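1. Any chance you can model this:
(one chain, ligands or ions: 2)
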Amino acid sequence: MRILITGGAGYIGSHTLLDLLSADHEALVVDNFSNSSPKALDRVRELTNRNFDVAEGDVRDLSSISARIEAFKPEAVIHFAGLKSVGESTEIPLHYYDHNVNGTLALLRAMDAVGCRNIVFSSSATVYGDPEYLPYDEHHRLAPANPYGRSKLFVEEILKDWAATGGKSAVILRYFNPVGAHVSGRIGEDPWGVPNNLVPFVSQVAVGRREKLHVFGNDYDTRDGTGVRDYIHVCDLASAHVAAVSFAANHNGAEVINVGTGIGASVLEVVKAFETAAGKPVPYGIAPRRAGDIAEYYADASKAKRLLGWSAKYTLADMCSSAWKWQSMNPNGYED
Ligand code: NAD
Ligand code: WQD
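-> Numbers count the residues shown, from 1 in each chain. Ligands and ions are numbered 1, 2, ... in the order given. A predicted model of the protein is given here:
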């Protein structure tokens, strides 16, 4: 299939691109490199021994995205491009709505113009908000607690309306907590500045870039008092996209699907697994709770199995060993 991948140079996009090329799909990447490096794409070429075109551009730019789509004539689009920092979204909410919502609108208009009917979209478990029950299934009430999460929810609703116009398919994937890296250690997560997320922070402590991890709260009502999340290996997430794109090609309408393992791990369990993977201690201290954090959440991942025939196969140990391989082989990310 010919697949346009927006945000394909990013963390999840680059791993998915690699899987799509390995499955013999043809790809075009559109990325403005606002949060990624073109080097990730070079490394995907090198790992797959496959070439693909890259268009540097912004998904919000209707004329440019239309021209790309017109020339490439994709049969499906996987839409990763967007902004993803929860904290930043509370400071510059309009920027988030512009990239995430207006970017999607421009993309859908450009797709409509050439009759491209299939899209897979990166949504997030953050749309659920405070859990009324666990595991979250796809029918759980939606109550995102910040502009980032609301931008994802708005796009989900837009996609449902778009897909209802006939002969179209939107697969909305709600990711839980993607971590880890490709087994080669050549591509991985490369956050700019101080990492917001747990595993990149732990990785940078282990490699000596940061002194210690701050564990945000150890007085939650969880098994060891620290926050529990459903961490999912980025390579499992990538294979879920390959399955979703095939599903989209054979179905009409919108489907919302959780992508997680169904298993929660606490902050201290992640630290322990990482220490084992890296073979060294990860110093940490207990800090106050982080505003807006939820104590515990994890996925009901049964719909993904039922509809896509997909389920996660990697363990927390695999996630930590691959994250460590990437971090130790590339202590400064793609910068070197
Ligand atoms: P990322 O920042 O690594 O990748 C996003 C890519 O999109 C980057 O390459 C960036 O340069 C590009 N981009 C951003 N705005 C753009 C624009 N307007 N036009 C063109 N390119 C643009 O992030 P990621 O972790 O790979 O996330 C991919 C998607 O998955 C995002 O939509 C994110 O919201 C969603 N998501 C991520 C997580 C997570 O924890 N990483 C969890 C749930 C959902
Ligand atoms: C995990 C756990 C923290 C950092 C975020 C977004 C969510 C989604 C995934 C995009 C929590 C604890 C963290 C640290 C810590 N992204 N922690 N010290 O908050 O579950 O989800 O990323 O859609 O929308 O909110 O992930 O990795 O930040 O935190 O103790 O330095 O680790 O309190 O319990 P989170 P995270």
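2. count of neighbours near Leu94?
-> Using other CB atoms under 10 Å, the number of residues around Leu94 comes to 9. For every residue, glycine as well, the C-beta is placed using N, CA and C.
3. Over to it. Which of the three states is it?
-> Secondary structure state of Leu94, per DSSP: H, G, I helix; E, B strand; the rest coil, is helix.
4. OK, contacts around it?
-> By CB atoms under 8 Å, 6 or more residues apart in numbering, the contact set of Leu94 is empty.
5. Same check on Ala164?
-> Taking CB under 8 Å, 6+ apart, we find Ala164 in contact with Gly253, Ala254.
6. Quickly note the distance from Ala291 to Asn258.
-> Distance of Ala291 to Asn258, given as CB to CB, to the nearest Å: 25 Å.
7. More neighbours: the two, which one.
-> Remark: of Ala291 and Asn258, Asn258 carries more neighbours, 27 against 8, as counted by other CB under 10 Å.
8. Now the residue of the chain at minimum distance from ligand 1. Nearest residue, chain neighbours left out?
-> Nearest residue of the chain to ligand 1, counting by CB to the nearest ligand atom: Gly10, 2.0 Å away. Closest residue to Gly10 apart from its sequence neighbours, by CB to CB, 6 or more residues apart in numbering: Ser36 at 4.6 Å.
9. And the pLDDT at the one you found?
-> In this prediction, Ser36 carries a pLDDT score of 98.
10. Repeat that for Asp336.
-> 70.
11. interface residues of the stretch 151-300 of the chain facing ligand 2?
-> 177, 196-198, 201, 213-216, 227, 229, 267, 290, 293 (CB under 6 Å from any ligand atom).
12. Quick check: the residue of this structure nearest ligand 2.
-> Residue of the chain nearest ligand 2, by CB to the nearest ligand atom: Gly227 (2.2 Å).
13. Name the nearest residue to that residue, ignoring sequence neighbours.
-> Val267 (5.5 Å).
14. thinking that neighbour is in contact with Gly225, fair?
-> No. Counting by CB atoms under 8 Å, Val267 stays clear of Gly225, with 9.2 Å between them.
15. Got phi/psi on Arg2?
-> The phi and psi torsions at Arg2 (degrees, to the nearest 10) take the values phi -90, psi 120.
16. ok, it - contacts?
-> His25, Glu26, Ala27, Leu28, Phe72, Lys73, Pro74, Glu75, Ala76.
17. which stretches of the protein form helices?
-> Along the chain, counting by DSSP state H, helices occupy 11-22, 38-48, 62-72, 86-91, 93-97, 103-114, 147-163, 198-206, 234-249, 267-278, 302-303, 316-329.
18. how about the ones you listed in a markdown table, adding distance to Arg186?
-> Rendered in a markdown table, the data for the helices of the chain read as follows (distance: least, CB to CB, whole Å):
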| stretch | distance to Arg186 |
| --- | --- |
| helix 11-22 | 9 |
| helix 38-48 | 5 |
| helix 62-72 | 26 |
| helix 86-91 | 28 |
| helix 93-97 | 31 |
| helix 103-114 | 28 |
| helix 147-163 | 29 |
| helix 198-206 | 15 |
| helix 234-249 | 13 |
| helix 267-278 | 18 |
| helix 302-303 | 32 |
| helix 316-329 | 8 |
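19. Glu56 is nearest to which of those?
-> Closest to Glu56 of the helices of the chain is helix 38-48 (CB to CB; 8.1 Å).
20. outside of that closest one, which residues touch it?
-> Helix 38-48 is contacted from outside by 8-10, 14, 17-18, 21-22, 29, 51-52, 54, 182, 184, 186-187, 190, 334, using CB under 8 Å, 6+ apart.
21. And stretch 209-224, by the same measure?
-> With CB under 8 Å, 6+ apart as the test, stretch 209-224 has contacts from 198, 201-202, 204-205, 225-228, 266-269, 271, 282-290, 293, 295-296, 331.
22. Please apply the same query to stretch 166-173.
-> For stretch 166-173, contacts defined as CB under 8 Å, 6+ apart pick out 117-123, 156, 159-160, 162-163, 240-241, 244-245, 247-249, 251-257, 259.
23. what does stretch 308-317 give?
-> So stretch 308-317 is in contact with 180, 231-233, 235-236, 239-240, 243-244, 247, 257, 259-263, 265, 269-270, 273, 276-277, 301, 304-305, going by CB under 8 Å, 6+ apart.
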